[in-house]
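A.B. asks: Test case, fold it:
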Amino acid sequence: MGDYSLLVGNGINNITNGNSWLDVLNNLGETYGIKIDTQEKPFPLAYEEIYFNILNKSQNGFLENEIKNYIASKINKIKPNEIHHKIIKLECDNILTTNYDLTFEYCLDDSIRPEDLKNEGKIK
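C.D. replies: Predicted coordinates for the structure are as follows:
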């Protein structure tokens, strides 16, 4: 048997009500008063538009670090669903994802907390 890798995109989180990437985007826009139609654009473009619009409102005192911490706090609330667990059971050698959440890590060990994980990649 050879090595197997799986590439997983953003859609996997969409079956978890209240904790999807779309929820994070919509909440971010509402919190900072930015109106972007998140249904009409791909996630990365909608995120960039919201993010840069928030930064352009800098007269309101929003700091880049504050915005990123807000986003991280929302993303850390995204928990695995049944699809995440089923993918882990496939025993792939590698799971590559475009997501910034820790749902696959949570599937490996329910006691994992975001602050316990370290980025061991070349890009921090």
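A.B. asks: confidence score at residue 2?
C.D. replies: With respect to pLDDT, residue 2 scores 56.
A.B. asks: how about the strands in this protein?
C.D. replies: Assigned by DSSP state E, the chain shows strands spanning 5-8, 94-97.
A.B. asks: and the last one, what does it pack onto?
C.D. replies: The contact analysis (3 or more CB pairs under 8 Å, 6 or more residues apart in numbering; DSSP states H and E) places strand 94-97 against strand 5-8. For every residue, glycine as well, the C-beta is placed using N, CA and C.
A.B. asks: Parallel or antiparallel, which strands does the strand it packs on pair with?
C.D. replies: Strand 5-8 has the following strand partners under DSSP bridges: strand 94-97 (parallel).
A.B. asks: residues of the partner strand that come out buried?
C.D. replies: Using 16 or more other CB atoms under 10 Å as the test for burial, strand 94-97 gives residue 95.
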